[in-house]
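Asker: quick one: sequence plus predicted model below, questions after.
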Amino acid sequence: MPLLELREVHVERGGVLVLRGVSISVEKGEAVALIGRNGAGKTTTMRAIMGLNKPKSGSISLEGRDITRLPPYKVAALGVGYVPEDRRIIPDLTAEENLEIAYGSPPPDDMLDYIYSIFPELKKVRKSRGLYLSGGEQRMLSIARALVKNPKLLLLDEPLEGLAPKAALSVSKALKEIASQGISMLISESGIIRRVEGIAERAYGLDRGEIVYEGTLRGILEDKHARERIWGL
Amino acid sequence: MIPIELLIAQTINGLVYASILFLVSSGLTMIYGIMNILNLAHGSLYMLGAYFAITIIMKLAGGSPWGYLAAFILAPTAVMAVGAAIEVGLLKPIYGKPEEYQLLLTFGLILIFDEVVKLIWGPAYINFPNPGRFLGSIEVAGFEFPVYRLLLIALGFSVAWLLWFLLSKTTLGKKMRAAAADREIVSALGVSVPLLFTGAFMLGSFLSGLGGVAAGPLYTASPGMGIDIIVNSFAVIVIGGMGSILGALVGSLIVGLTRAYAIVIYPAIELALVYLIMVIVLLVRPVGLFGKPEEVRR
Ligand SMILES: Nc1ncnc2c1ncn2[C@@H]1O[C@H](COP(=O)(O)OP(=O)(O)O)[C@@H](O)[C@H]1O
Ligand SMILES: [Mg+2]
């Protein structure tokens, strides 16, 4: 049984069908990439899994349990951590308070030690308000916030997009480490395959709400049909 | 020249009124800040608090001092239950609908609660004895200070401190602030936002009911008292800034003291002065003294 399975998921946004029968799966311990250009439906796919957008039809299951119509907080409680593309750090709360609301109480020291071992950069800004964190720090905090509840599955929406090279390197290294700990991931990327190499082995190609490729990450570049649909070449 | 005795008395009265205003407006502004709900019937909960207190003190306790103590605990708790029923039964179904729905609904509730109060307790003003007679007054530097009023002032400031503690020191309070900024992500982080909303609404209702219990013996109870307090509370939160607890405290002090002093200087301008302050604040700082510029809500 896959950890996560989407079957024929259709989602409408603003009256337009933006996911048209998406079927993907993620096995336990596996990191899977979701590749597609802007507007393909990557974010909507993740939001549908999280319960933030209700599918019109189709089903989503986690460890065999149907989660299609669950509210977001229940999906999260079942072990799904969400890292939205726009980070969504609470600006008024400090870095550690952002972790606290996800953890449910002030995180114990061993949890904080674990977080700071993955993101040493966050330790320096632990008492700073979210508002004052740099883009890279916000991204790291957003990932850390999804990690504190020991999730089975992380949904990472373009985690390497829009970062300064140094921050991108740190985040990339952290994601490899998280993947090596056996936490499953669905990680989206809008174009630069190289960025998710070494993190994900398997990939889906998404275009205009349809899955147009399924196979190894490398293979997507050799698949003529997928290449045409995703990059137009 | 105003005699010093009068000045002191009016300062006490102003602070008492500010305390009561704060009990009502802090809940109003908190519910608005966290849930984006403007509960027009928030003053009706205050009124219910006063009427519940009348029944507890006069009918159940026969006017004994214990009745007052019981009323201060039981009446706000009963109002909190009414608040829970309103939020779960009436407001939840209309979240996500246009704002007119909640305004119409909560305005409708004002009319319903006024009629219910007239049916149960009658349309006449009810004067119930001031518990001050059990508490007496203390003398400081030759001036008399009524103990009941001092206790009410202490109550207002204690509640202000407790709310500050809740919102800035506890995880629950931080979740509430986070939900005010971005309820969608808070939900995706595993926080039950529906439960959080019900909790915030119940807390606000409790405080409004508490305000009613405190005010009842001072100002008499009448079916119109809910409207009177809600109008003043709106002035408070507009001056202090919508959604800000500190703003509600400062706004309450401004409105409470202004009214108390204006009454002795020139009673006719009492209310006009409050609105004048409101207009000036709006012109100089449209978001209120402690309000934050409107952020994108999700
Ligand atoms: N809030 C919204 N309302 C209506 N349409 C939306 C909304 N958000 C995204 N869309 C549309 O849904 C489609 C998929 O968007 P999205 O899932 O964000 O794609 P991606 O993340 O791959 O860039 C796009 O055509 C986009 O215009
Ligand atoms: Mg996207």
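Answerer: Cool, the structure landed. Ligands and ions are numbered 1, 2, ... in the order given.
Asker: switch to C-alpha atoms for all contacts and neighbour counts from now on
Answerer: Will do.
Asker: ligand 1 contacts on chain A?
Answerer: Contact residues of chain A with respect to ligand 1, defined by C-alpha under 6 Å from any ligand atom, are listed as A:13, A:14, A:18, A:36, A:37, A:38, A:39, A:40, A:41, A:42, A:43, A:44.
Asker: and the last one, what is it in contact with?
Answerer: Contacts for residue A:44 (C-alpha atoms under 8 Å, 6 or more residues apart in numbering or on different chains) come out as A:11, A:18, A:19, A:53.
Asker: now the fifth one
Answerer: With contact taken as C-alpha under 8 Å, 6+ apart, residue A:37 is in contact with A:189, A:190, A:191, A:206, A:207, A:230, A:231.
Asker: tell me the SS of the fourth one?
Answerer: Meaning residue A:206. Residue A:206 falls in the strand class when you classify it by DSSP: H, G, I helix; E, B strand; the rest coil.
Asker: residues near the closest residue to it other than its chain neighbours, how many?
Answerer: Distances taken as C-alpha to C-alpha, 6 or more residues apart in numbering or on different chains place residue A:36 nearest to residue A:206, at 4.8 Å, with adjacent residues excluded. A total of 27 residues lie near residue A:36 under the criterion other C-alpha atoms under 10 Å in any protein chain shown.
Asker: what of residue A:51?
Answerer: Close neighbours of residue A:51, defined as other C-alpha under 10 Å, add up to 22.
Asker: now the helices for the chain?
Answerer: I'll assume chain A. In chain A, helices defined by DSSP state H lie at A:42-50, A:72-77, A:95-103, A:109-118, A:120-124, A:135-147, A:165-180, A:219-222, A:224-231, listed in chain order.
Asker: right idea, wrong chain: chain B
Answerer: Taking DSSP H as the criterion, chain B carries its helices at B:4-35, B:42-54, B:65-85, B:99-121, B:132-135, B:147-169, B:171-188, B:193-219, B:225-240, B:245-265, B:270-284.
Asker: for chain A, which residue gets nearest to chain B?
Answerer: Closest residue of chain A to chain B, C-alpha to the nearest C-alpha: residue A:73 (3.9 Å).
Asker: was I right about that residue contacting residue B:196?
Answerer: No - the pair formed by residue A:73 and residue B:196 falls short of the contact definition of C-alpha atoms under 8 Å, at 11.7 Å.
Asker: could you measure from the residue positioned nearest the centre of chain A over to residue A:144?
Answerer: Computing the C-alpha centroid of chain A and ranking residues by C-alpha atoms, centre = their mean puts residue A:156 first, at 1.5 Å. In this structure, residue A:156 and residue A:144 are separated by 12 Å, where distance is defined by C-alpha to C-alpha, to the nearest Å.
Asker: shared neighbours of those two, which are they?
Answerer: Here residue A:156 and residue A:144 share no contacting residue, scored by C-alpha under 8 Å, 6+ apart.
Asker: around chain B, pick out the residues from chain A.
Answerer: Neighbours of chain B within chain A, by C-alpha under 8 Å from any C-alpha of the partner chain: A:50, A:52, A:72-77, A:81-82, A:88, A:90, A:92-93, A:97, A:100-102, A:104-106, A:145-146.
Asker: pull out the buried residues from stretch A:31-45.
Answerer: By neighbour count, with 16 or more other C-alpha atoms under 10 Å in any protein chain shown as the criterion, the buried positions of stretch A:31-45 are A:31-37, A:40-45.
Asker: could you redo those as TSV and give each row pLDDT and distance to residue B:103?
Answerer: Supplementary listing: the buried residues of stretch A:31-45 in TSV, determined by pLDDT from 0 to 100; distance: C-alpha to C-alpha, whole Å:
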residue	pLDDT	distance to residue B:103
A:31	96	48
A:32	97	47
A:33	96	46
A:34	97	44
A:35	95	45
A:36	94	44
A:37	93	43
A:40	95	39
A:41	96	37
A:42	97	38
A:43	98	34
A:44	98	33
A:45	98	35
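Asker: using PDB, write out every CA atom in stretch A:57-76.
Answerer: Taking Å, rounded to 0.1, in the frame of the first residue of the first chain, the C-alpha atoms of stretch A:57-76 are listed here in PDB:
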ATOM      1  CA  SER A  57     -14.100  14.100  -7.900                       C
ATOM      2  CA  GLY A  58     -11.400  11.400  -7.400                       C
ATOM      3  CA  SER A  59      -9.900  10.200  -4.100                       C
ATOM      4  CA  ILE A  60      -6.900  10.900  -2.000                       C
ATOM      5  CA  SER A  61      -5.700   8.300   0.600                       C
ATOM      6  CA  LEU A  62      -2.900   8.200   3.200                       C
ATOM      7  CA  GLU A  63      -1.800   4.700   4.300                       C
ATOM      8  CA  GLY A  64      -5.000   3.400   2.800                       C
ATOM      9  CA  ARG A  65      -7.200   5.800   4.700                       C
ATOM     10  CA  ASP A  66      -9.400   8.100   2.700                       C
ATOM     11  CA  ILE A  67      -8.500  11.700   3.400                       C
ATOM     12  CA  THR A  68     -10.300  13.300   0.400                       C
ATOM     13  CA  ARG A  69     -12.700  15.400   2.400                       C
ATOM     14  CA  LEU A  70     -10.800  15.900   5.700                       C
ATOM     15  CA  PRO A  71     -10.100  19.400   6.900                       C
ATOM     16  CA  PRO A  72      -6.500  20.500   6.800                       C
ATOM     17  CA  TYR A  73      -5.800  20.200  10.500                       C
ATOM     18  CA  LYS A  74      -6.900  16.600  10.400                       C
ATOM     19  CA  VAL A  75      -4.700  15.800   7.500                       C
ATOM     20  CA  ALA A  76      -1.800  17.500   9.300                       C
END
